[in-house]
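*Asks:* have a look at this prediction, sequence included:
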Amino acid sequence: MIRGLALLAAGLLAASLQFGVPSAAQLASPVDAGAGQGGSGRGDIAQRRAAEQIAVPPVDVPAIAPVVLDGDMPQRPEGAGMDLPQKPAVIATPPSEFETYVSTLAGQPLRRFGSELLLPSARDFTAPPTTAIPPDYRINPGDELLLGITGSVQASGLRLVVDSEGRIFVPRVGAIAVGGIRYGDLHDVIERQVSRQYRGFNLEVAIGRQHGITVYVTGFAARPGSYTASSLSTLVNAVLAAGGPAAGGSFRSIQLRRGGQLISDFDLYDLLLKGDKRGDAVLQNGDVIYIAPAGEEVAVIGSVNRAAIFELAPDETLTDAVLYSGGVNSVADNSRLMVLNGMSGADAGWREVSATDAGTTKARRGDVVRVLSQVGIARPLHQQPVLVTLSGEVARPGRYYVQPGTQMADVLAQAGGLTREAFPYASVITRDSVKHQQRLSYDRAIDDVELLLAAQPVTSVNRAQLAQPGNLALIKNIVDQLRRREPDGRLVFDLPVDAVTLPGDLILENNDIVHVPARPVTVGVFGAVPSPASFAYRGGATVEDFVKSAGGIQKIGDKGEIFVVRANGTVLAGGKRALRALALPGDLVYVPIDADRGEFWARLRDITGTLFSGLVGAASIAAISK
């Protein structure tokens, strides 16, 4: 035991000589110093004698307590680690002459690809203060390190600034060289230095604040000059802080030079189009960023995913320019391109380039490439996909997909033909193209009616009477009712009443609807008759016979304007001529009210009778004037 105490005392003496500080500040012995004082005198004498034999002076050993590194800490240098000034507001660069020219040609504002990064509303790429420190980050003078130690040695919240020689001073440990060390290796470097003096501790190291660096942005930048940035900033951060490339600056060649050597020639298109930042190097103090002048520019417009002006690398083709725009969209004509170069007098005007030739045709400075759209182009019938709907008295009604140019006879054969109850004479065939044309013609006719009716109070001899507010309101009401009517797109065929099939040579179009009704058994009589109704069809009876069955024509009825709407959609008019005609199954006989009761209504009847010589016109006006 005496030998063990002697060795411990010798060790403590050697430690005190090594550190040159009072022993009370060093690691304590695990033996309680109070035990020796409370023991027997014999033990004390023996201990002193043993110590004298090995020439070790007596040492007062304190109780076990962790060392607290709370000595005088160096103050942070004035301004070290201060927040850097915020990036100034970005001002969008004005359009270049080529951008103005192409925007006029395209009929919409068109900017260089990538310029949206430089708008005031664009997302800020500056590294925020809370950015995670990458392991490859090199410690630099001015960086502030945070140290925390627990265990036999305790220290919390130590803030140590790396001095100009790349060192930090840890209280009661000494100076540690950390300049140029990777952040990923920093913990091990500091731990090795502390472990030379202490045992049984845990170390935490972090960077509290990075030093600021100064870089220079030159060349064709929007705002060239020197910039102070975070030591974590990259080439892209500095370029955006400088407003990006100017109108004549390149997006494809941004050079980073350090000590006269080219470190990186970064292409912003790699970041914008591919998300590739491998060339976006971390900046160091004194770096120079040079933005080269813009290369050859080509505009891509039309049916592409992103119309813009693109800067091309040497020897890139028209196809490359279209690929930069994201390629053609879903409705584009991808078989050809239209190219215009207003800079070349020899090739003035648009020229067509096939998709194959575009891959080998070198793009020229100032080219405008247009991708055509196929939307709104009416295709020939033999190129249209055809979906036909058959309903009614058909053996197998349903929807049929057929080849372009298919005739009615072929579709009917595919559907099994007509049934025995079919009445082809009254078949209804509706078509989208016919409905569209009817809508155009109908709108034009309504506009003419409105103009003629509105002019009546001015041109008539009874203008004072016709200009009454009530008449003007009535005109507006009539026009509004006419506008609410919708064309049905029906194709009317003059088939014989005893026809047994539909017109077989009719070329079908997409979305055609064919309805074949059963043979009707009635004739309807309506309008100015005492008993309007539908009467059972009698073979050989005339229209007048059915009018008499309804009680004849009333006094307010207009005999001269009686008309018959046939089951096939045709109209038989002419008053007495219509009455003498042979009635057919499904006929609709209409006896209008006599509208010839004044100059205004007579004129109204003449106008509408001319424009709408059918159920939509005469029947509507007769109903309105009732």
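*Replies:* That came through fine. Predicted model only: the values in this text are computed from it and were never measured. Numbering: from 1, shown residues only.

*Asks:* residue 177 pairs with what?
*Replies:* Per DSSP bridges, the residues bridged to residue 177 are residue 167.

*Asks:* contacts only, for the closest residue in space to residue 383 that isn't next to it in sequence.
*Replies:* Using C-beta to C-beta, 6 or more residues apart in numbering and skipping the chain neighbours, the partner closest in space to residue 383 is residue 404 (5.8 Å). For every residue, glycine as well, the C-beta is placed using N, CA and C. Counting by C-beta atoms under 8 Å, 6 or more residues apart in numbering, residue 404 touches 381-386.

*Asks:* quick check: mean pLDDT across stretch 145-154?
*Replies:* Mean pLDDT, stretch 145-154: 85.

*Asks:* let me have the contacts of residue 404 in JSON lines, extended by secondary structure, neighbour count and distance to residue 298.
*Replies:* As requested, the contacts of residue 404 are exported to JSON lines (DSSP: H, G, I helix; E, B strand; the rest coil; neighbours: other C-beta atoms under 10 Å; distance: C-beta to C-beta, whole Å):
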{"residue": "381", "secondary structure": "helix", "neighbour count": "14", "distance to residue 298": "39"}
{"residue": "382", "secondary structure": "helix", "neighbour count": "10", "distance to residue 298": "37"}
{"residue": "383", "secondary structure": "helix", "neighbour count": "9", "distance to residue 298": "33"}
{"residue": "384", "secondary structure": "coil", "neighbour count": "16", "distance to residue 298": "36"}
{"residue": "385", "secondary structure": "coil", "neighbour count": "10", "distance to residue 298": "36"}
{"residue": "386", "secondary structure": "strand", "neighbour count": "19", "distance to residue 298": "41"}
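
*Asks:* return the distance of residue 285 relative to residue 155.
*Replies:* Counting by C-beta to C-beta, to the nearest Å, the separation of residue 285 from residue 155 is 30 Å.

*Asks:* quick one: which of those two has more around it?
*Replies:* Neighbour tally, residue 285 and residue 155, criterion other C-beta atoms under 10 Å: the higher count belongs to residue 155, 23 against 16.

*Asks:* who does the more buried one bridge with?
*Replies:* Beta-bridge partners of residue 155, as defined by DSSP bridges: residue 149.

*Asks:* helix, strand or coil for the residue nearest to residue 383?
*Replies:* Following DSSP: H, G, I helix; E, B strand; the rest coil, the label given to residue 404 is coil.

*Asks:* please apply the same query to residue 187.
*Replies:* helix.

*Asks:* and the pLDDT for it?
*Replies:* If you check residue 187, the pLDDT there is 90.

*Asks:* what do you get for residue 36?
*Replies:* At residue 36, pLDDT is 40.

*Asks:* go on, the one 4 residues further on?
*Replies:* Model confidence at residue 40, given as pLDDT, is 43.

*Asks:* how many residues are close by the residue found closest to residue 558 once you drop the neighbours it is linked to in the chain?
*Replies:* Leaving aside its chain neighbours, residue 558 sits nearest to residue 594 (4.0 Å; criterion: C-beta to C-beta, 6+ apart). Neighbour count of residue 594, defined by other C-beta under 10 Å: 19.

*Asks:* nearest spatial neighbour of residue 572, chain-adjacent residues omitted?
*Replies:* Per C-beta to C-beta, 6+ apart, closest to residue 572 is residue 564, 4.2 Å.

*Asks:* contacting residues around that neighbour?
*Replies:* Contacts of residue 564 (C-beta under 8 Å, 6+ apart): 543, 571-573, 578, 581, 587-590.

*Asks:* so, low pLDDT: which residues of the stretch 151-300 of the chain?
*Replies:* For the stretch 151-300 of the chain, no stretch is flagged by pLDDT under 70.

*Asks:* surely residue 286 meets residue 260?
*Replies:* No - if you go by C-beta atoms under 8 Å, residue 286 and residue 260 don't touch, sitting 10.9 Å apart.

*Asks:* so for the two, which sits in the more crowded spot?
*Replies:* Applying other C-beta under 10 Å to residue 286 and residue 260 shows that residue 286 carries more neighbours, namely 12 against 6.

*Asks:* and that one, that's in a strand?
*Replies:* No - Residue 286 is assigned coil when assessed by three-state DSSP, not a strand.

*Asks:* what residues does stretch 312-323 touch?
*Replies:* By C-beta under 8 Å, 6+ apart, stretch 312-323 touches 252, 295-298, 300, 304, 310, 324, 328, 337, 339, 353, 355, 358-363, 367, 369, 371.

*Asks:* whoops, I mixed them up, stretch 301-309
*Replies:* With contact meaning C-beta under 8 Å, 6+ apart, stretch 301-309 is reached by 98-99, 102, 105-106, 108, 110-113, 297-300, 322, 325-329, 331-333, 338, 368-374.

*Asks:* same question for stretch 254-262.
*Replies:* Contacts for stretch 254-262 (C-beta under 8 Å, 6+ apart): 235, 239, 245, 263-268, 281, 283-284, 286-292.

*Asks:* rerun that using 10 Å as the cut-off
*Replies:* Identification of contacts with stretch 254-262 by C-beta atoms under 10 Å, 6 or more residues apart in numbering yields 215-221, 234-236, 238-239, 244-245, 263-268, 279-292.

*Asks:* off-centre distance for it?
*Replies:* Here stretch 254-262 is found 37 Å from its chain centre; the criterion is C-alpha atoms, centre = their mean, to the nearest Å.

*Asks:* which positions in that stretch come out as buried?
*Replies:* 254-258 (16 or more other C-beta atoms under 10 Å).

*Asks:* just stretch 174-182 next, same as before
*Replies:* Here stretch 174-182 shows 176, 178-179, 181 as buried, counting by 16+ other C-beta under 10 Å.

*Asks:* looking at this protein, which helix or strand is least sure?
*Replies:* The helix or strand of the chain with the poorest confidence is helix 620-624; it has a mean of 38 (mean pLDDT, DSSP states H and E).

*Asks:* re earlier: any of the contacts of stretch 301-309 buried? List them.
*Replies:* Going by neighbour count (16+ other C-beta under 10 Å), the contacts of stretch 301-309 have 98-99, 102, 106, 110-113, 297-300, 322, 325, 328, 332-333, 338, 368-372 buried.

*Asks:* list the buried residues for the lengthiest helix in the chain?
*Replies:* For the chain, the helix with the greatest residue count under DSSP state H is helix 432-459. For helix 432-459, burial by neighbour count (16+ other C-beta under 10 Å) applies to 434-435, 438, 442, 445-446, 449-450, 452-453, 456-457.

*Asks:* what about the helices in the stretch 101-250 of the chain?
*Replies:* 183-195, 235-241 (DSSP state H, counting those that start in this stretch).

*Asks:* same for the shortest one, what does it pack against?
*Replies:* It refers to helix 235-241. If you count contacts as 3 or more C-beta pairs under 10 Å, 6 or more residues apart in numbering; DSSP states H and E, helix 235-241 packs onto strand 212-219, strand 225-230, strand 249-258, strand 261-266, helix 268-274, strand 288-293.

*Asks:* tell me the angle the fourth one makes with strand 249-258.
*Replies:* With axes from the mean of the first three to the mean of the last three C-alpha atoms, to 10 degrees as the basis, strand 261-266 and strand 249-258 are set at 150 degrees to each other.

*Asks:* wait, a helix at the residue nearest to residue 572?
*Replies:* No - counting by three-state DSSP, residue 564 falls outside a helix, being strand.

*Asks:* burial count for the residue nearest to residue 292 when sequence neighbours are not counted?
*Replies:* In space, not counting the residues next to it along the chain, residue 292 is nearest to residue 253; the distance is 4.0 Å by C-beta to C-beta, 6+ apart. Residues lying near residue 253 (other C-beta under 10 Å) number 21.
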